[in-house]
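[1] Structure of the sequence below:
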Amino acid sequence: MFGIHTLHPRTLWRLFLAFLAATIVVSAGMWATSGTLTTSVAPHGIVSFEFSGDSETAALIIESWGDRGRIEAAFNLGLDFLFIAVWVPAIAIGCLWVAQHFGRYVRALRAIALLQIVAGVLDMVENVALLNLLLAPPAEPWPQLAWWAAALKFSIVGGGVAAIAAGVIVAGARRT
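    Numbering: from 1, shown residues only. Okay, the predicted model is just below:
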């Protein structure tokens, strides 16, 4: 991954922690600015919108948000582009750190790290689809595109997070 996998494990760990901290900060900002996005129609806020799946459901969600919610959703999607710039390297670097400790799985972990870039692109595709739903009357294919991009993104991210969590647990167990 652009030679980053050759860095010393301690350096990779520090980079991971720095990007993880940035991820947490941006995530907190997104959470703080999404107060009106949780409604009875969108019980999971913007995530409900990501998985609306059809233009009728998307329209109902947008209607439940009102004008203020629509502005918050657009702002939140803008922040999500910044979020992508920090969560992708956080997870990818975390996977590379784990790969350095578990040579047996190095190829798989490097592949999972590279897949985070794909997940970031999917997140951008999802954001563009959702912005199209917010800025014009909801229409196909935007809800389906957002749904598929979100589903694939969360699957890839889940694999990366699971790999990091397993690596941290095993590394911690080895130390004790």
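[2] Give me the distance between I62 and T38.
    Going from I62 to T38 by CB to CB, to the nearest Å gives 14 Å. Using the backbone N, CA and C atoms, a C-beta is placed for each residue, glycine as well.
[3] which one of the two has more residues nearby?
    Taking neighbours as other CB atoms under 10 Å, I62 and T38 compare with I62 leading, 21 against 17.
[4] In what element of secondary structure is the residue nearest to that one when sequence neighbours are not counted found?
    In space, and not counting its chain neighbours, I62 is closest to R70: 6.1 Å by CB to CB, 6 or more residues apart in numbering. Following DSSP states H and E, one finds R70 within helix 55-101.
[5] and that helix, what's its mean pLDDT?
    Mean per-residue pLDDT for helix 55-101: 96.
[6] got the contact list for A22?
    Each residue near A22 by CB atoms under 8 Å, 6 or more residues apart in numbering is listed here: 86, 90.
[7] again, 10 Å this time
    Going by CB atoms under 10 Å, 6 or more residues apart in numbering, A22 touches 82-83, 85-87, 89-90.
[8] Same check on G29?
    The neighbourhood of G29, defined by CB under 10 Å, 6+ apart, consists of 75-76, 79, 82-83.
[9] and with 8 Å instead?
    Shown in contact with G29 (CB under 8 Å, 6+ apart): L79.
[10] From R68, how far out is G172?
    Taken as CB to CB, the span from G172 to R68 is 45 Å.
[11] quick one: the next helix-or-strand element following the helix holding R70 to chain centroid distance?
    Using DSSP H and E, the helix or strand that follows helix 55-101 in sequence is helix 106-135. Chain-centre distance of helix 106-135: 7 Å, with CA atoms, centre = their mean, to the nearest Å.
[12] who's in contact with G66?
    G66 is in contact with T36, counting by CB under 8 Å, 6+ apart.
[13] hang on, the earlier thing: so can I have JSON lines of the contacts of A22 showing neighbour count and distance to G103?
    As requested, those are exported to JSON lines (neighbours: other CB atoms under 10 Å; distance: CB to CB, whole Å):
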{"residue": "L82", "neighbour count": "14", "distance to G103": "35"}
{"residue": "F83", "neighbour count": "22", "distance to G103": "32"}
{"residue": "A85", "neighbour count": "14", "distance to G103": "30"}
{"residue": "V86", "neighbour count": "19", "distance to G103": "28"}
{"residue": "W87", "neighbour count": "25", "distance to G103": "26"}
{"residue": "P89", "neighbour count": "24", "distance to G103": "23"}
{"residue": "A90", "neighbour count": "23", "distance to G103": "23"}
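[14] Can you tell me which of the residues you listed lies closest to A146?
    F83 (16.0 Å; CB to CB).
[15] Thought A28 was touching that closest one, still the case?
    No: applying CB atoms under 8 Å, one finds F83 not in contact with A28, separated by 10.7 Å.
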